[in-house]
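J.: Prediction below, plus the sequence it came from.
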Amino acid sequence: MAVFLVVTRPDKPEVMHEIAVTRKIVMGNSLYCDVVLDDKMVASMQCEVVQVKTGHIVVKNIDAKREILLNQVRIKKSAMKPDDEMKIGPFVVKIDPTKLTVDELAVLNSEYEEFV
């Protein structure tokens, strides 16, 4: 199961990334990141995105000084659902539901419980 994220920047429509979450993805404004979000409002290492064993997509903010919003709510760590919108500075990140099967949609829409 490969979940694809689409990263856009509304004020610059030519900026778009499509990323398959096949391993841990690091997003930030550093050239060392898997996805470079080139803006001073974004930390050099802003967040990690990973698909956990259950199939859920989990986002973790790794820079406490800069916020990530998921559906307009500040998060430290949260699972993303197909209809969620994540904002990192001026960038918008969404799951591409057109590339998901019915079973994958069901998993992503189910509740995620982290086992410690």
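T.: Structure's in. What do you need? Note that this is a predicted model, so its numbers are computed, not measured. Numbering: from 1, shown residues only.

J.: This structure: helices as residue ranges?
T.: For the chain, applying DSSP state H gives helices covering 102-109.

J.: Show me where this structure has its strands.
T.: 3-8, 16-21, 25-28, 35-36, 47-51, 57-61, 68-70, 73-75, 77-80, 86-88, 91-95 (DSSP state E).

J.: rank the ones you listed by mean pLDDT and give me the bottom one.
T.: Among the strands of the chain, strand 16-21 carries the lowest mean pLDDT, a mean of 92.

J.: got the buried residues for it?
T.: For strand 16-21, the neighbour count (16 or more other CB atoms under 10 Å) marks 17, 19, 21 as buried. C-beta: built from backbone N, CA, C; applies to glycine.

J.: same check, this time on stretch 93-107
T.: Within stretch 93-107, the residues scored as buried using 16+ other CB under 10 Å are 93-95, 100, 104, 107.

J.: Ok, stretch 65-75 next?
T.: By 16+ other CB under 10 Å, the buried positions in stretch 65-75 come out as 66-68, 70, 75.

J.: just stretch 75-89 next, same as before
T.: 75, 78-82, 84, 86-89.

J.: Of the residues you listed, which is the nearest to residue 10?
T.: Lowest distance from residue 10 to these (CB to CB) belongs to residue 87, with 9.9 Å.

J.: Spatially nearest residue to the closest one (excluding sequence neighbours)?
T.: Nearest residue to residue 87, sequence neighbours excluded (CB to CB, 6 or more residues apart in numbering): residue 69, at 4.3 Å.

J.: show me the contacts for the one you found.
T.: 75, 86-87 (CB atoms under 8 Å, 6 or more residues apart in numbering).

J.: what pairs with it across the strands?
T.: Beta-bridge pairing for residue 69 (DSSP bridges): residue 74, residue 87.

J.: before we move on, the earlier item: okay, among the buried residues of stretch 65-75, which ones form the most distant pair?
T.: Farthest apart among these - using CB to CB - are 66 and 70, which lie 14.2 Å from each other.

J.: can you put the contacts of residue 69 in a markdown table and add distance to residue 4?
T.: What follows is these, written out as a markdown table (distance: CB to CB, whole Å):
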| residue | distance to residue 4 |
| --- | --- |
| 75 | 21 |
| 86 | 14 |
| 87 | 18 |
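
J.: Since that was my last question, I'll sign off now.
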